[in-house]
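> Take a look and give me a structure for this.
(one chain, ligands or ions: 1)
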Amino acid sequence: MLAALAGEVRQRPPFWLMRQAGRYLPEYRELRAKAGSFLDLCYNPDFAVEVTLQPLRRYDMDAAILFSDILVVPHALGQPLAFLEGEGPKLDPVRSVEDLKRLSRDRFHERLEPVYETVRRLSAAIPQHTTLIGFAGAPWTIACYMVEGAGSKEYAHVKRWAYGDPDGFAKLIDLLVETTADYLCTQIDAGAETVQLFDSWAGVLPPDAFRRWVIEPTRRIVALVKAKHPTVPVIGFPRGAGLCYQDYVADSGVDAVGLDTTVPPVWAARNLQTRLPVQGNLDPIMLAVGGEALREAAWGILDALAGRPFIFNLGHGVIQTTPPEHVAELARLIKAWPDRS
Ligand code: CP3
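The predicted model follows:
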(Lines give C-alpha, C1' and ligand atoms only; values in the text may rest on other atoms or scores of the structure.)
Protein backbone atom coordinates (compact mmCIF):
# COMPACT_ATOMS: atom_id res chain seq x y z
CA MET A 1 0.00 0.00 0.00
CA LEU A 2 2.79 2.45 0.91
CA ALA A 3 4.68 1.50 -2.25
CA ALA A 4 1.59 2.20 -4.35
CA LEU A 5 1.14 5.55 -2.59
CA ALA A 6 4.76 6.33 -3.44
CA GLY A 7 4.00 5.68 -7.11
CA GLU A 8 5.25 2.12 -7.49
CA VAL A 9 3.51 -0.60 -9.48
CA ARG A 10 3.90 -4.17 -8.27
CA GLN A 11 2.69 -7.50 -9.60
CA ARG A 12 -0.77 -6.95 -8.12
CA PRO A 13 -2.27 -3.82 -6.62
CA PRO A 14 -2.84 -3.50 -2.86
CA PHE A 15 -6.42 -3.51 -1.64
CA TRP A 16 -8.58 -2.54 1.31
CA LEU A 17 -12.25 -1.60 1.53
CA MET A 18 -13.96 1.41 3.05
CA ARG A 19 -16.11 0.13 5.94
CA GLN A 20 -14.24 -3.18 5.81
CA ALA A 21 -15.12 -3.53 9.50
CA GLY A 22 -18.82 -3.30 10.18
CA ARG A 23 -22.26 -4.82 10.38
CA TYR A 24 -21.88 -7.26 7.45
CA LEU A 25 -19.53 -9.29 9.70
CA PRO A 26 -21.21 -11.48 12.36
CA GLU A 27 -18.22 -11.06 14.70
CA TYR A 28 -18.71 -7.26 14.47
CA ARG A 29 -22.41 -7.53 15.35
CA GLU A 30 -21.52 -9.69 18.33
CA LEU A 31 -18.98 -7.23 19.74
CA ARG A 32 -21.22 -4.27 18.94
CA ALA A 33 -23.99 -5.86 21.05
CA LYS A 34 -21.52 -6.30 23.92
CA ALA A 35 -20.26 -2.71 23.69
CA GLY A 36 -23.76 -1.22 23.88
CA SER A 37 -23.79 1.80 21.60
CA PHE A 38 -21.76 2.48 18.47
CA LEU A 39 -19.92 5.33 20.22
CA ASP A 40 -19.03 3.03 23.14
CA LEU A 41 -17.39 0.80 20.55
CA CYS A 42 -15.45 3.72 19.06
CA TYR A 43 -14.21 5.01 22.44
CA ASN A 44 -13.18 1.64 23.91
CA PRO A 45 -9.67 0.79 22.64
CA ASP A 46 -10.05 -2.94 23.47
CA PHE A 47 -13.16 -3.16 21.29
CA ALA A 48 -11.98 -0.73 18.59
CA VAL A 49 -8.69 -2.64 18.12
CA GLU A 50 -10.53 -5.96 17.91
CA VAL A 51 -13.06 -4.66 15.37
CA THR A 52 -10.27 -3.17 13.22
CA LEU A 53 -8.54 -6.56 13.10
CA GLN A 54 -11.64 -8.64 12.27
CA PRO A 55 -11.63 -8.15 8.46
CA LEU A 56 -7.83 -8.62 8.30
CA ARG A 57 -8.13 -12.07 9.86
CA ARG A 58 -10.63 -13.12 7.25
CA TYR A 59 -9.27 -11.46 4.13
CA ASP A 60 -5.70 -10.27 4.83
CA MET A 61 -6.22 -6.81 3.34
CA ASP A 62 -3.08 -4.77 2.65
CA ALA A 63 -4.28 -2.03 4.98
CA ALA A 64 -6.15 -1.69 8.25
CA ILE A 65 -8.25 1.40 8.80
CA LEU A 66 -8.59 2.63 12.34
CA PHE A 67 -12.09 1.82 13.62
CA SER A 68 -13.77 5.04 14.65
CA ASP A 69 -16.09 7.55 12.99
CA ILE A 70 -15.66 10.95 11.35
CA LEU A 71 -18.13 12.50 13.80
CA VAL A 72 -15.88 12.08 16.86
CA VAL A 73 -14.32 15.43 15.84
CA PRO A 74 -17.46 17.56 16.38
CA HIS A 75 -18.17 15.44 19.45
CA ALA A 76 -14.71 16.31 20.84
CA LEU A 77 -15.46 19.99 20.15
CA GLY A 78 -18.38 19.64 22.56
CA GLN A 79 -21.29 19.13 20.13
CA PRO A 80 -23.70 16.54 21.56
CA LEU A 81 -23.84 13.44 19.30
CA ALA A 82 -25.85 10.23 19.37
CA PHE A 83 -26.24 7.35 16.93
CA LEU A 84 -29.86 6.24 17.07
CA GLU A 85 -30.59 2.63 16.03
CA GLY A 86 -31.53 2.56 12.36
CA GLU A 87 -31.56 6.37 12.08
CA GLY A 88 -27.92 7.34 11.78
CA PRO A 89 -26.21 10.23 13.59
CA LYS A 90 -28.02 13.04 15.42
CA LEU A 91 -26.27 16.24 16.55
CA ASP A 92 -27.55 19.47 18.14
CA PRO A 93 -27.20 21.68 15.04
CA VAL A 94 -24.94 24.76 14.91
CA ARG A 95 -26.25 27.25 12.35
CA SER A 96 -24.67 30.64 13.08
CA VAL A 97 -21.52 32.29 14.38
CA GLU A 98 -23.40 32.72 17.67
CA ASP A 99 -23.92 28.92 17.85
CA LEU A 100 -20.15 28.37 17.44
CA LYS A 101 -19.73 29.69 20.99
CA ARG A 102 -21.12 26.35 22.17
CA LEU A 103 -18.00 24.64 20.76
CA SER A 104 -14.62 24.55 22.47
CA ARG A 105 -11.18 23.18 21.71
CA ASP A 106 -10.23 22.98 25.38
CA ARG A 107 -10.79 19.25 25.83
CA PHE A 108 -10.32 18.21 22.18
CA HIS A 109 -7.31 15.89 22.55
CA GLU A 110 -8.43 14.63 25.95
CA ARG A 111 -11.73 13.45 24.48
CA LEU A 112 -9.96 11.83 21.53
CA GLU A 113 -7.37 10.08 23.67
CA PRO A 114 -9.14 6.66 23.31
CA VAL A 115 -8.77 7.00 19.52
CA TYR A 116 -5.04 7.75 19.85
CA GLU A 117 -4.67 4.77 22.22
CA THR A 118 -6.42 2.56 19.63
CA VAL A 119 -3.95 3.71 16.96
CA ARG A 120 -0.95 3.03 19.25
CA ARG A 121 -2.17 -0.48 20.02
CA LEU A 122 -3.00 -1.20 16.36
CA SER A 123 0.41 -0.05 15.30
CA ALA A 124 1.89 -2.80 17.48
CA ALA A 125 -0.78 -5.42 16.70
CA ILE A 126 -1.14 -5.45 12.91
CA PRO A 127 1.06 -7.63 10.70
CA GLN A 128 4.26 -6.06 9.32
CA HIS A 129 2.97 -6.16 5.72
CA THR A 130 -0.25 -4.30 6.63
CA THR A 131 -0.41 -0.50 6.44
CA LEU A 132 -2.25 1.37 9.19
CA ILE A 133 -4.59 4.08 7.87
CA GLY A 134 -5.77 6.94 10.08
CA PHE A 135 -8.62 9.17 8.94
CA ALA A 136 -10.84 12.17 9.49
CA GLY A 137 -13.80 13.75 7.79
CA ALA A 138 -12.96 16.73 5.59
CA PRO A 139 -14.29 20.10 6.87
CA TRP A 140 -17.13 20.45 4.33
CA THR A 141 -18.57 17.00 5.14
CA ILE A 142 -18.19 17.49 8.89
CA ALA A 143 -19.86 20.90 8.57
CA CYS A 144 -22.75 19.21 6.72
CA TYR A 145 -23.45 17.03 9.76
CA MET A 146 -22.77 19.78 12.29
CA VAL A 147 -25.15 22.24 10.62
CA GLU A 148 -27.90 19.87 9.47
CA GLY A 149 -27.73 17.91 12.73
CA ALA A 150 -28.18 14.65 10.78
CA GLY A 151 -27.80 13.19 7.32
CA SER A 152 -29.76 15.14 4.69
CA LYS A 153 -30.99 14.94 1.12
CA GLU A 154 -30.73 18.62 0.21
CA TYR A 155 -28.13 20.06 2.58
CA ALA A 156 -30.22 23.25 2.55
CA HIS A 157 -29.22 24.56 6.01
CA VAL A 158 -25.48 24.21 5.47
CA LYS A 159 -25.65 25.62 1.93
CA ARG A 160 -27.79 28.53 3.11
CA TRP A 161 -25.14 29.43 5.70
CA ALA A 162 -22.21 28.89 3.30
CA TYR A 163 -23.77 30.94 0.47
CA GLY A 164 -25.56 33.59 2.58
CA ASP A 165 -22.87 34.32 5.19
CA PRO A 166 -19.59 32.97 3.77
CA ASP A 167 -17.42 34.90 6.25
CA GLY A 168 -19.36 33.49 9.20
CA PHE A 169 -19.34 29.96 7.76
CA ALA A 170 -15.58 30.33 7.17
CA LYS A 171 -15.15 30.54 10.96
CA LEU A 172 -16.57 27.02 11.31
CA ILE A 173 -14.44 25.75 8.40
CA ASP A 174 -11.30 27.40 9.87
CA LEU A 175 -11.93 25.72 13.21
CA LEU A 176 -12.33 22.37 11.43
CA VAL A 177 -9.19 22.88 9.31
CA GLU A 178 -7.05 23.49 12.39
CA THR A 179 -8.52 20.79 14.62
CA THR A 180 -8.62 18.19 11.84
CA ALA A 181 -4.98 18.77 10.92
CA ASP A 182 -4.07 18.49 14.60
CA TYR A 183 -6.15 15.32 14.94
CA LEU A 184 -4.47 13.69 11.91
CA CYS A 185 -0.97 14.68 13.10
CA THR A 186 -1.66 13.10 16.49
CA GLN A 187 -2.88 9.90 14.80
CA ILE A 188 0.38 9.88 12.81
CA ASP A 189 2.41 10.39 16.01
CA ALA A 190 0.53 7.39 17.43
CA GLY A 191 1.46 5.17 14.47
CA ALA A 192 -0.83 5.86 11.49
CA GLU A 193 1.26 5.44 8.30
CA THR A 194 -1.09 7.25 5.95
CA VAL A 195 -4.32 9.22 6.44
CA GLN A 196 -7.50 9.53 4.43
CA LEU A 197 -9.78 12.59 4.35
CA PHE A 198 -13.40 11.53 3.75
CA ASP A 199 -15.34 14.24 1.92
CA SER A 200 -18.54 12.25 1.45
CA TRP A 201 -20.70 15.24 0.49
CA ALA A 202 -18.17 17.07 -1.74
CA GLY A 203 -20.46 16.28 -4.68
CA VAL A 204 -23.37 18.47 -3.60
CA LEU A 205 -21.57 21.79 -4.24
CA PRO A 206 -21.43 23.92 -7.41
CA PRO A 207 -17.90 24.57 -8.76
CA ASP A 208 -17.06 27.89 -7.04
CA ALA A 209 -18.30 26.63 -3.69
CA PHE A 210 -16.44 23.34 -4.32
CA ARG A 211 -13.21 25.30 -4.67
CA ARG A 212 -13.80 27.35 -1.54
CA TRP A 213 -15.23 24.69 0.81
CA VAL A 214 -13.70 21.45 -0.50
CA ILE A 215 -10.40 22.15 -2.31
CA GLU A 216 -9.15 25.07 -0.14
CA PRO A 217 -9.75 23.50 3.30
CA THR A 218 -8.23 20.23 2.05
CA ARG A 219 -5.19 22.10 0.72
CA ARG A 220 -4.70 23.81 4.08
CA ILE A 221 -5.00 20.53 6.02
CA VAL A 222 -2.55 18.79 3.69
CA ALA A 223 -0.08 21.68 4.14
CA LEU A 224 -0.42 21.56 7.95
CA VAL A 225 0.05 17.77 8.03
CA LYS A 226 3.04 17.98 5.64
CA ALA A 227 4.68 20.67 7.76
CA LYS A 228 4.97 18.12 10.59
CA HIS A 229 5.05 14.86 8.65
CA PRO A 230 6.42 15.57 5.16
CA THR A 231 6.67 11.90 4.14
CA VAL A 232 3.23 10.69 5.26
CA PRO A 233 0.87 10.34 2.29
CA VAL A 234 -2.57 11.95 2.45
CA ILE A 235 -5.42 10.33 0.47
CA GLY A 236 -8.36 12.54 -0.45
CA PHE A 237 -11.82 11.14 -1.17
CA PRO A 238 -14.06 13.89 -2.59
CA ARG A 239 -17.06 11.66 -3.22
CA GLY A 240 -19.23 12.81 -6.11
CA ALA A 241 -16.76 15.49 -7.25
CA GLY A 242 -17.54 14.65 -10.89
CA LEU A 243 -16.12 17.26 -13.25
CA CYS A 244 -14.29 18.86 -10.29
CA TYR A 245 -12.06 15.80 -9.71
CA GLN A 246 -9.30 17.23 -11.90
CA ASP A 247 -9.17 20.57 -10.07
CA TYR A 248 -9.17 18.72 -6.75
CA VAL A 249 -6.20 16.60 -7.87
CA ALA A 250 -4.34 19.61 -9.31
CA ASP A 251 -4.84 21.99 -6.38
CA SER A 252 -5.56 20.22 -3.07
CA GLY A 253 -2.08 18.79 -2.58
CA VAL A 254 -3.29 15.26 -1.78
CA ASP A 255 -0.90 12.41 -2.62
CA ALA A 256 -3.61 10.03 -3.87
CA VAL A 257 -7.30 10.32 -4.69
CA GLY A 258 -10.24 8.02 -3.99
CA LEU A 259 -12.66 7.57 -6.90
CA ASP A 260 -16.36 7.19 -6.25
CA THR A 261 -18.47 4.64 -8.09
CA THR A 262 -19.48 7.00 -10.90
CA VAL A 263 -15.95 7.81 -12.17
CA PRO A 264 -15.12 5.89 -15.39
CA PRO A 265 -11.86 4.00 -14.68
CA VAL A 266 -10.51 4.61 -18.20
CA TRP A 267 -11.12 8.37 -17.81
CA ALA A 268 -9.40 8.32 -14.42
CA ALA A 269 -6.41 6.47 -15.94
CA ARG A 270 -5.99 9.20 -18.58
CA ASN A 271 -6.83 12.27 -16.57
CA LEU A 272 -5.93 11.63 -12.93
CA GLN A 273 -3.59 8.66 -12.68
CA THR A 274 -1.00 10.42 -14.86
CA ARG A 275 -0.57 12.80 -11.89
CA LEU A 276 -1.03 10.60 -8.80
CA PRO A 277 -2.07 7.16 -7.54
CA VAL A 278 -5.81 6.50 -7.54
CA GLN A 279 -7.94 4.33 -5.30
CA GLY A 280 -11.33 2.74 -5.99
CA ASN A 281 -13.93 2.25 -7.25
CA LEU A 282 -16.08 -0.90 -7.33
CA ASP A 283 -19.76 -0.24 -6.61
CA PRO A 284 -20.47 -1.61 -3.10
CA ILE A 285 -23.78 -2.97 -4.41
CA MET A 286 -21.80 -5.04 -6.96
CA LEU A 287 -19.97 -6.59 -4.01
CA ALA A 288 -23.30 -7.39 -2.37
CA VAL A 289 -24.55 -8.96 -5.64
CA GLY A 290 -21.46 -11.12 -6.19
CA GLY A 291 -21.02 -13.81 -8.84
CA GLU A 292 -20.22 -13.10 -12.46
CA ALA A 293 -21.22 -9.42 -12.27
CA LEU A 294 -18.71 -8.85 -9.46
CA ARG A 295 -15.96 -10.69 -11.34
CA GLU A 296 -16.45 -8.71 -14.54
CA ALA A 297 -16.64 -5.39 -12.71
CA ALA A 298 -13.51 -6.09 -10.64
CA TRP A 299 -11.55 -7.19 -13.70
CA GLY A 300 -12.68 -4.12 -15.64
CA ILE A 301 -11.33 -1.83 -12.91
CA LEU A 302 -8.08 -3.79 -12.59
CA ASP A 303 -7.52 -3.80 -16.37
CA ALA A 304 -8.02 -0.05 -16.58
CA LEU A 305 -6.04 1.04 -13.52
CA ALA A 306 -3.64 -1.61 -12.19
CA GLY A 307 -0.90 -0.86 -14.74
CA ARG A 308 -0.24 2.48 -13.02
CA PRO A 309 -0.09 3.31 -9.27
CA PHE A 310 -3.38 1.99 -7.92
CA ILE A 311 -5.08 0.81 -4.74
CA PHE A 312 -8.14 -1.37 -5.21
CA ASN A 313 -11.13 -0.29 -3.11
CA LEU A 314 -14.85 0.30 -3.38
CA GLY A 315 -16.40 3.57 -4.57
CA HIS A 316 -18.07 3.90 -1.14
CA GLY A 317 -18.37 1.78 2.02
CA VAL A 318 -19.29 -1.92 2.26
CA ILE A 319 -23.07 -2.18 2.81
CA GLN A 320 -24.63 -4.12 5.63
CA THR A 321 -26.26 -6.84 3.50
CA THR A 322 -22.97 -7.87 1.84
CA PRO A 323 -22.38 -11.63 2.20
CA PRO A 324 -18.91 -12.05 3.80
CA GLU A 325 -18.06 -14.76 1.25
CA HIS A 326 -18.33 -12.17 -1.55
CA VAL A 327 -15.54 -10.19 0.11
CA ALA A 328 -13.46 -13.38 0.21
CA GLU A 329 -14.13 -13.88 -3.51
CA LEU A 330 -13.13 -10.30 -4.29
CA ALA A 331 -9.89 -10.68 -2.29
CA ARG A 332 -9.15 -13.86 -4.26
CA LEU A 333 -9.83 -12.17 -7.63
CA ILE A 334 -7.50 -9.26 -6.82
CA LYS A 335 -4.73 -11.51 -5.53
CA ALA A 336 -5.00 -13.74 -8.64
CA TRP A 337 -4.98 -10.80 -11.09
CA PRO A 338 -3.87 -10.54 -13.92
CA ASP A 339 -4.65 -14.23 -14.00
CA ARG A 340 -8.37 -14.46 -14.85
CA SER A 341 -9.37 -17.43 -12.73
O1 CP3 B 1 -14.01 2.11 7.10
C2 CP3 B 1 -13.90 1.55 8.21
O3 CP3 B 1 -14.04 0.32 8.37
C4 CP3 B 1 -13.51 2.41 9.40
C5 CP3 B 1 -14.56 2.91 10.22
C6 CP3 B 1 -15.47 4.00 9.70
C7 CP3 B 1 -16.84 4.09 10.09
N8 CP3 B 1 -17.35 5.24 9.57
C9 CP3 B 1 -17.54 3.13 10.95
C10 CP3 B 1 -19.00 3.18 11.08
C11 CP3 B 1 -15.21 5.10 8.88
C12 CP3 B 1 -13.93 5.47 8.15
C13 CP3 B 1 -16.40 5.88 8.83
C14 CP3 B 1 -16.50 7.15 8.09
C15 CP3 B 1 -17.78 7.85 8.04
N16 CP3 B 1 -18.72 7.98 9.03
C17 CP3 B 1 -18.21 8.63 6.94
C18 CP3 B 1 -17.42 8.85 5.66
C19 CP3 B 1 -17.56 7.74 4.71
C20 CP3 B 1 -18.94 7.56 4.13
O21 CP3 B 1 -19.56 6.53 4.48
O22 CP3 B 1 -19.39 8.43 3.37
C23 CP3 B 1 -19.47 9.17 7.27
C24 CP3 B 1 -20.31 10.05 6.39
C25 CP3 B 1 -19.75 8.77 8.61
C26 CP3 B 1 -20.94 9.16 9.42
C27 CP3 B 1 -21.76 7.99 9.80
N28 CP3 B 1 -21.35 6.99 10.66
C29 CP3 B 1 -23.08 7.70 9.39
C30 CP3 B 1 -23.91 8.54 8.44
C31 CP3 B 1 -23.44 6.52 10.03
C32 CP3 B 1 -24.79 5.87 10.04
C33 CP3 B 1 -25.05 5.10 8.79
C34 CP3 B 1 -24.90 3.64 9.03
O35 CP3 B 1 -24.29 2.97 8.22
O36 CP3 B 1 -25.48 3.18 10.05
C37 CP3 B 1 -22.33 6.06 10.79
C38 CP3 B 1 -22.26 4.85 11.61
C39 CP3 B 1 -21.09 3.92 11.39
N40 CP3 B 1 -19.80 4.29 11.19
C41 CP3 B 1 -21.17 2.49 11.43
C42 CP3 B 1 -19.85 2.03 11.24
C43 CP3 B 1 -19.38 0.61 11.25
C44 CP3 B 1 -22.42 1.65 11.70
C45 CP3 B 1 -22.69 1.75 13.16
C46 CP3 B 1 -23.35 0.56 13.78
O47 CP3 B 1 -22.67 -0.42 14.13
O48 CP3 B 1 -24.57 0.65 14.01
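
> Buried residues in stretch 249-258, which are they?
For stretch 249-258, burial by neighbour count (16 or more other Cβ atoms under 10 Å) applies to 249, 252, 253, 254, 255, 256, 257, 258. C-beta: built from backbone N, CA, C; applies to glycine.

> got it, and stretch 54-69?
Neighbour-count burial for stretch 54-69, counted by 16+ other Cβ under 10 Å, picks out 54-56, 58-59, 61-69.

> State the pair within those residues that is farthest apart.
Across the buried residues of stretch 54-69, the longest distance by Cβ to Cβ is 22.7 Å; it joins 62 and 69.

> Could you single out the nearest of the buried residues of stretch 54-69 to residue 24?
For the buried residues of stretch 54-69, the nearest to residue 24 is residue 55 (9.5 Å; Cβ to Cβ).

> residues in contact with whichever residue of the chain sits closest to the ligand?
Of all residues in the chain, residue 200 sits closest to the ligand, at 3.2 Å by Cβ to the nearest ligand atom. If you count contacts by Cβ atoms under 8 Å, 6 or more residues apart in numbering, residue 200 has them with 137, 141, 237, 239.

> Relative to residue 269, how far out is the residue positioned nearest the centre of the chain?
For the chain, residue 198 is the residue whose C-alpha lies nearest the centre (Cα atoms, centre = their mean; 3.8 Å). Distance, residue 198 to residue 269, by Cβ to Cβ, to the nearest Å: 23 Å.

> do the same with residue 184
With distances taken as Cβ to Cβ, residue 184 is found 29 Å from residue 269.

> which of the two has more neighbours?
For residue 184 versus residue 269, neighbours defined as other Cβ atoms under 10 Å are more numerous around residue 184 (25 against 18).

> Verify the stated contact: that one with residue 133.
No. Using Cβ atoms under 8 Å, residue 184 is not in contact with residue 133, being 11.1 Å away.

> In the protein, where's the longest helix?
Counting by DSSP state H, the longest helix found in the chain is helix 166-190.

> so what secondary structure elements neighbour the very next helix or strand once past that helix?
Downstream of helix 166-190, the next assigned helix or strand under DSSP states H and E is strand 194-199. Packing partners of strand 194-199 (3 or more Cβ pairs under 8 Å, 6 or more residues apart in numbering; DSSP states H and E): strand 131-137, helix 139-148, helix 166-190, helix 216-228, strand 234-238.

> residues near residue 6, how many?
Residues lying near residue 6 (other Cβ under 10 Å) number 13.

> Show me which residues of the stretch 201-341 of the chain are close to the ligand?
Contact residues, the stretch 201-341 of the chain versus the ligand (Cβ under 6 Å from any ligand atom): residue 317.

> the helices in the stretch 201-341 of the chain, which residues?
Counting by DSSP state H, counting those that start in this stretch, one finds helices in the stretch 201-341 of the chain at the ranges 207-210, 216-228, 245-251, 265-271, 284-289, 291-305, 324-336.

> between the longest one and helix 324-336, how big is the angle?
Translated: helix 291-305. Helix 291-305 runs at 40 degrees relative to helix 324-336, counting by axes from the mean of the first three to the mean of the last three Cα atoms, to 10 degrees.

> Mind putting the helices of the stretch 201-341 of the chain into JSON lines with mean pLDDT?
Listed next are the helices of the stretch 201-341 of the chain as JSON lines, based on pLDDT from 0 to 100:
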{"stretch": "helix 207-210", "mean pLDDT": "98"}
{"stretch": "helix 216-228", "mean pLDDT": "99"}
{"stretch": "helix 245-251", "mean pLDDT": "98"}
{"stretch": "helix 265-271", "mean pLDDT": "98"}
{"stretch": "helix 284-289", "mean pLDDT": "98"}
{"stretch": "helix 291-305", "mean pLDDT": "98"}
{"stretch": "helix 324-336", "mean pLDDT": "98"}
